[in-house]
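Student: no sequence for this one, just the structure:
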Ligand SMILES: NC(=O)CCC(=O)C(=O)O
């Protein structure tokens, strides 16, 4: 019987792979599969259809914790503090814990070269241990990474065994000039990454961006086309753009793509040279703010429901309605 199921469903999946937005057919395929008294996931996910694994519906709810961490001048204290917050979140039932941008170092061009380290290195070893000790997926915010003579703003992700399962280098560097308010040029010290990065969880696929990346809707759309149900943006907006755009952008990306969006900021430190806005936030695929921190150190929680993502995508099927004859988005980044 399994061979028959496989023969019936495999061609459908192959066709789906060629159609943009095809992950919306996954539930249909799962239903077809269930008619044959099995689940789509049981069909050789590691075999011939492994490249399509992300198409299969995972229907597990996920408890997410966003750690709005106080980050100071001492790298070792930052790492210890992060580990204790991961433990606190795990004790409260979190299965996926996310830290903020620049979680082992103050944010700023003078700090990046001083705090930068290779990956793997001391910071990622501490993150790996925190993930394994607490048996959680850990999205370790970002750290300044050194590779050769280049520096990157890099996010690493660990599974509950502490294995590094994803690495993402910020693609859009924060270079802005708002006269009299804020001028910042990350490109003075950092180089941009050139690839998207996702990782699998029982809830579904998760995509990563870092801070300024959230301003680029095309990137979020590509993640959606790859099958993401959650986008995580460790970020450190500031006191000018934070109140104006932080929540607006998170809600925009969530509504555009009908998925959960989380932004994770460091806690505000009024004495720092760059003052972070705080307000780590989780937005639902309907565009509603589900949970939001103030500006002090705080861990916020939310339970994510994959069915809500699928329901909203069925109800308002914008992904299937795109006029790709009028416009299109090309995914040219490396996998
Ligand atoms: N660290 C960043 O990328 C800051 C981005 C930001 O503040 C913005 O307005 O965008």
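Tutor: Noted; the coordinates are in hand. Since the model is a prediction, treat every value here as computed from it, not as a measurement.
Student: Reduced to three states, what does residue 311 come out as?
Tutor: helix (DSSP: H, G, I helix; E, B strand; the rest coil).
Student: What separation is there between it and residue 60?
Tutor: From residue 311 over to residue 60 the distance is 16 Å, taken as CB to CB, to the nearest Å. C-beta coordinates here come from the backbone N, C-alpha and C atoms, glycine included.
Student: Compare those two (neighbour count), which wins?
Tutor: residue 311 (15 against 12; other CB atoms under 10 Å).
Student: May I have the residues that are in contact with the nearest residue to residue 92 once chain neighbours are set aside?
Tutor: What sits nearest to residue 92 in space, not counting adjacent residues and going by CB to CB, 6 or more residues apart in numbering, is residue 301, at 6.3 Å. By CB atoms under 8 Å, 6 or more residues apart in numbering, the contact list for residue 301 reads 63, 64, 65, 66, 89, 92, 93, 94, 291.
Student: Residue 139 too?
Tutor: Residue 139 touches 96, 97, 98, 99, 155, 157, 206, 208, 232, 234, 264, counting by CB under 8 Å, 6+ apart.
Student: rerun at 6 Å
Tutor: 98, 157, 232 (CB atoms under 6 Å, 6 or more residues apart in numbering).
Student: Test my guess that residue 173 contacts residue 186.
Tutor: Yes. The pair residue 173 / residue 186 is scored as a contact, 4.1 Å apart, by CB atoms under 6 Å.
Student: still on that earlier bit, buried ones only from the contacts of residue 301, please, as a ChimeraX command.
Tutor: Selecting the buried subset of those in ChimeraX, with 16 or more other CB atoms under 10 Å as the burial test, is done by:
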select :63,64,65,66,89,94,291
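Student: Let's verify residue 324: helix, strand, or coil?
Tutor: coil.
Student: does stretch 208-217 come close to the ligand?
Tutor: Yes. In terms of CB under 6 Å from any ligand atom, part of stretch 208-217 sits within range of the ligand, namely 211, 212, 215.
Student: ok, and for that stretch, which residues are buried?
Tutor: 208, 209, 210, 211, 212, 213, 214, 215.
Student: now those residues as TSV including secondary structure?
Tutor: Formatted as TSV, the buried residues of stretch 208-217 follow (three-state DSSP):
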residue	secondary structure
208	strand
209	coil
210	coil
211	helix
212	helix
213	helix
214	helix
215	helix
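Student: And the residues you listed, which is closest to residue 79?
Tutor: For the buried residues of stretch 208-217, the closest approach to residue 79 (CB to CB) belongs to residue 210, at 18.8 Å.
Student: Tell me the residues on the stretch 201-335 of the chain that lie near the ligand, please.
Tutor: 211, 212, 215, 235, 236, 237, 238, 241, 245.
Student: Could you check the pLDDT of the third one?
Tutor: For residue 215, the model assigns a pLDDT of 98.
Student: can you tell me which helix or strand the residue lying closest to it once chain neighbours are set aside belongs to?
Tutor: Distances taken as CB to CB, 6+ apart put residue 249 closest to residue 215, at 6.2 Å, once the chain neighbours are dropped. Residue 249 belongs to helix 241-257 when elements are defined using DSSP states H and E.
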